[in-house]
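> my questions are about this predicted structure, shown below with the sequence.
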Amino acid sequence: MNELEISFGESPWERYIAAAGRGGAVSAGRLLTLLEGESEEAVEDAFATLEEQEIALDLEELPKLGAGGPAALRLRQEYQLAKKGLTPRDLEENDPLRLYLEEVAGTPAQGDEALLALQAAQGDEGAMGKLANLGLSRVLELSLELTGRGVLLLDLIQEGSLGLWQAIKSYRGGDYAAHRDRWIRLCQAKAVTLQARSRGIGEKMRSAMEDYRAVDERLLTELGRNPTPEEIAEALHMDVEEALCVKKMLDDASILARVKAPKPEEPEEEADQAVEDTAQFKMRQRILDLLAGLSREDAKLLTLRFGLEGGRPLTPAEAGARLGLTPAEVTARESAALAKLRKG
């Protein structure tokens, strides 16, 4: 049997990032919903694309993580200390964060940053080291802005320091301060977003979007008019700010779907269904032609995941509930089945 070349086209997250353009920004919350069920390799590809295109991650629509887990107490402590202005004296003498703060305070940080950046761009390693020392205080400032978002302060500092060094190595001219901050923020935002992903925030946000759409339609029928944000928030048992956040995500997704809609002569997708991956619908016919080569169980799994029987595509959790599998098992078997289809 000849090897078949199967092309599935751009994934939803690829289209979303591409729409932002170089130097733009994407919502971390929206990106998480599009990465739900994707492999770790795809997630790394997504963040690599953000770095390559210098695209910022906007964390505003990402809900702050509630208390939970062994680090919850420390996270709350750091958030409270950051609000009032963190100093080493606020921490125990042997606290690793206090030791770090004292070390930074004692680190020589002198020189003209703009001049050092130009020297570093020419390969001056001494200038690079001085730039790194000068940037540590900025790393701390930006780290403090992100306390309360589920990542410990020392971890934020570590990620920010990696971003600082990447900024120093990649600088080739222009506004160094803006270049530095962009890299620090991107690395820290990546840490916050991945932490949120590990807590299942993407699936929760997708569910919130589905619930919002359903409540909006129900209240429209019951009231005979468009419901207010306050009425929707009450029905969803959310505060108004949370409801508006979900609404903005739906609006942004709808705009993106219209911008990226197929040409008129092509079959139109249900682009408004922002909570469903429209790329999955495009895969239907090609997969249907090849399902005969799979086991009955794998064929059923793909049928559920991609909505091949006319229903909507199911999430890994939903498909797993029907098949008696965990979401991780669904994702693994799906990847293996698709790999088999590609090989032919």
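Happy to help now that I have it.
> tell me which helix or strand residue 57 sits in.
In this assignment (DSSP states H and E), residue 57 forms part of strand 56-58.
> buried ones in that strand?
56-58 (16 or more other C-beta atoms under 10 Å). All C-beta spots, glycine's among them, are computed from the backbone N, C-alpha and C.
> do stretch 116-125 as well
116-121.
> tell me the mean pLDDT for the strand holding residue 57?
For strand 56-58, mean pLDDT rounds to 89.
> which outside residues touch it?
24-28, 31, 50, 182, 185-186, 189-190, 193 (C-beta atoms under 8 Å, 6 or more residues apart in numbering).
> apply 10 Å and report the result again.
20, 23-31, 47, 50, 182, 185-190, 192-193 (C-beta atoms under 10 Å, 6 or more residues apart in numbering).
> show me the shaky parts of the stretch 201-344 of the chain.
201-209, 242, 245-246, 248-290, 306-313, 341-344 (pLDDT under 70).
> helices of that one, start to end?
Applying DSSP state H, counting those that start in this stretch to the stretch 201-344 of the chain gives helices spanning 201-223, 229-236, 240-259, 278-282, 284-290, 296-306, 316-323, 327-343.
> low pLDDT regions in the stretch 1-150 of the chain?
In the stretch 1-150 of the chain, residues with pLDDT under 70: 1-9, 63-70.
> can you map out the helices along it?
Counting by DSSP H, counting those that start in this stretch, the helices of the stretch 1-150 of the chain are 12-20, 28-35, 40-52, 72-84, 96-105, 113-121, 125-145.
> which of these sits closest to residue 334?
helix 40-52 (12.3 Å; C-beta to C-beta).
> tell me how far that closest one is from the chain's mean position?
10 Å (C-alpha atoms, centre = their mean, to the nearest Å).
> that one to helix 12-20, inter-axis angle?
Interaxial angle, helix 40-52 versus helix 12-20 (axes from the mean of the first three to the mean of the last three C-alpha atoms, to 10 degrees): 10 degrees.
> all numbers from here: first residue = 122
Renumbered: residue one is now 122, and that last one reads helix 161-173.
> give me the residues contacting helix 161-173.
132, 134-135, 137-139, 141, 143, 145-147, 152-153, 155-156, 159-160, 176-178, 284, 287, 291, 304, 307-308, 310-311, 314-315, 318, 452, 456.
> ditto for stretch 228-244
So stretch 228-244 is contacted by 245-259, 288-298, 300-301 (C-beta under 10 Å, 6+ apart).
> quick one, which of the residues you listed are buried?
Applying 16+ other C-beta under 10 Å to the contacts of stretch 228-244 flags 248-249, 251-253, 255-257, 259, 288-289, 292, 297, 300-301 as buried.
> perfect, I'm done here.
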